[in-house]
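> using only what follows, build the 3D model:
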Amino acid sequence: MKYRPFSDLGWKVSEIGLGCWQIGWCWGDVSEKDSRALLKEALNQGINFFDTSDMYGDGRSEKFIGELIKSTREKIYVTTKLGRRTRGTSYNKGFKEQYMEEFVDRSLKNLGIECLDLVQLHCPPFDKIINQQTHDIMNNLVKKGKIANYGVSVHTISDAMEAIKFKNVKSIQIVFNIFRQRPAEIFFAEAKKKNVAIIARGPLASGLLTGQININTKFPENDHRNYNLKGDYFDVGDTFSGVNFEKGLEAVTELKKILPSGYTLADLALKWILMHDAVSVVIPGAINKLQVIKNASSSKLDDISKLSEKIFSIYEKIIKPDVHNRW
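This next block holds a predicted model:
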């Protein structure tokens, strides 16, 4: 496993992290046994960066990571996303910065720790991102010692560009993959200037970029790839990266034609992201430990920069017209 710096924090994080949405909910039923096994395997593979949210199973994901923290003496970096929780509360849907300390306290309890390494605002709307009060709340939580740092998880480039104007924002999490290439145009350069870490989520486009999904694939009823295809429950950009399913499969067919020897499509997708040195960590999820092993192994693969033009050509022809300017 290779490691990269994370903002100006002195952290060295595994360039392949673990997204822990899958062990919470929305990806079918992932058992407690499999959840614990894949987390343990992540450590075995040298992964030391874990991304979760209090919304993933209403704390289920956080609690599993809390068990992992207790099980090891190794330093691992845990980030959770907060601000949108409704289950178990009387709060309305939407982002609620005014309850952030309550959310932080609950996540600290779920994780069994006294201070969160990094809290990310969970996709706040634009007006919250640009509001100094939102950032004052986070800065106050840093002063209280409940969180060490904070960042922002975003849907759009415009949200990201505004968020990094605030000096204490240490990271931006954004969808970035072969099907969502726009962040690399301008935003990455601006983030590097300000030494803001970039967490690349959705690297495999909800599994489309594994090459294991086809037109006949059926998803469980409680899998967002079944019920959120039109963005009925949350931003459609987090389901297949907002790409039309049939067009995504067409692009996958073309990408498979240029795979280097010994590469899977998932390898290509992850290695392509890691070509961008502005990216601090990429966070593929997993539903079993075999997927963790496969994803982690991409760190050691040979450079694929010679394929950049071909990859962009496929994106430009099939995917770009539909998604490039939307997010």
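
> is it true that residue 275 touches residue 303?
Yes - with contact defined as C-beta atoms under 8 Å, residue 275 reaches residue 303; the gap is 7.2 Å. Yep, even glycine has a C-beta here, placed from its N, CA and C like the rest.

> show me which of the two is the more surrounded one.
residue 275 (14 against 9; other C-beta atoms under 10 Å).

> quick one, strands of this structure?
For the chain, applying DSSP state E gives strands covering 3-6, 11-14, 18-19, 49-53, 77-82, 118-122, 150-153, 169-175, 197-201, 281-282.

> among the ones you listed, which is the most enclosed?
Stretch with highest mean neighbour count among the strands of the chain: strand 281-282 (a mean of 30; mean count of other C-beta atoms under 10 Å).

> separation between residue 31 and residue 165?
Separation of residue 31 from residue 165 (C-beta to C-beta, to the nearest Å): 43 Å.

> my bad, residue 72
Distance, residue 72 to residue 165, using C-beta to C-beta: 37 Å.

> what's around the closest residue in space to residue 319 that isn't next to it in sequence, how many residues?
Among residues not flanking residue 319 along the chain, residue 179 sits closest, at 5.2 Å (C-beta to C-beta, 6 or more residues apart in numbering). Residue 179 has 31 neighbouring residues, counting by other C-beta under 10 Å.

> thought residue 52 was touching residue 63?
No - when contacts are counted by C-beta under 8 Å, residue 52 is not listed as touching residue 63 (9.7 Å).

> common neighbours of these two, please.
Counting by C-beta atoms under 8 Å, 6 or more residues apart in numbering, no residue touches both residue 52 and residue 63.

> mean confidence for stretch 26-34?
For stretch 26-34, mean pLDDT is 92.

> sorry, wrong one. I was asking about stretch 110-127.
Mean pLDDT, computed over stretch 110-127, is 98.

> buried set for it?
Neighbour-count burial for stretch 110-127 flags 110-111, 116-124 (criterion: 16 or more other C-beta atoms under 10 Å).

> which of those lies closest to residue 320?
For the buried residues of stretch 110-127, the residue nearest residue 320 by C-beta to C-beta is residue 123; the value is 23.4 Å.

> the closest one and residue 80, how far apart?
Using C-beta to C-beta, residue 123 is found at 13 Å from residue 80.

> mind listing what residue 176 touches?
Contacts for residue 176 were tallied using C-beta under 8 Å, 6+ apart; they are 183-184, 198, 200-203, 273, 276, 279, 282.

> one more pass at 7 Å, please.
Going by C-beta atoms under 7 Å, 6 or more residues apart in numbering, residue 176 touches 183, 200, 273.

> ok, the second one touching residue 274?
No - taking C-beta atoms under 7 Å as the definition, residue 200 is not a contact partner of residue 274, at 8.8 Å.

> any shared contact partners between those two?
Taking C-beta under 7 Å, 6+ apart as the criterion, residue 200 and residue 274 both touch residue 282.

> show me what contacts the spatially most central residue of the chain?
By C-alpha atoms, centre = their mean, the chain has its centre lying nearest to residue 201, at 2.8 Å. Residue 201 is in contact with 19, 173-175, 283, counting by C-beta under 7 Å, 6+ apart.

> and what of residue 205?
Counting by C-beta under 7 Å, 6+ apart, residue 205 has contacts 177, 179, 240-241, 243, 248.

> export the residues you listed to a markdown table and tack on pLDDT and distance to residue 14?
Below are the contacts of residue 205 laid out as a markdown table (pLDDT from 0 to 100; distance: C-beta to C-beta, whole Å):
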| residue | pLDDT | distance to residue 14 |
| --- | --- | --- |
| 177 | 98 | 18 |
| 179 | 98 | 24 |
| 240 | 96 | 26 |
| 241 | 96 | 23 |
| 243 | 97 | 27 |
| 248 | 97 | 28 |
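
> residue 97: which of the residues you listed is nearest?
Distance ranking of these against residue 97, using C-beta to C-beta, places residue 241 first at 27.2 Å.

> noted, bye for now.
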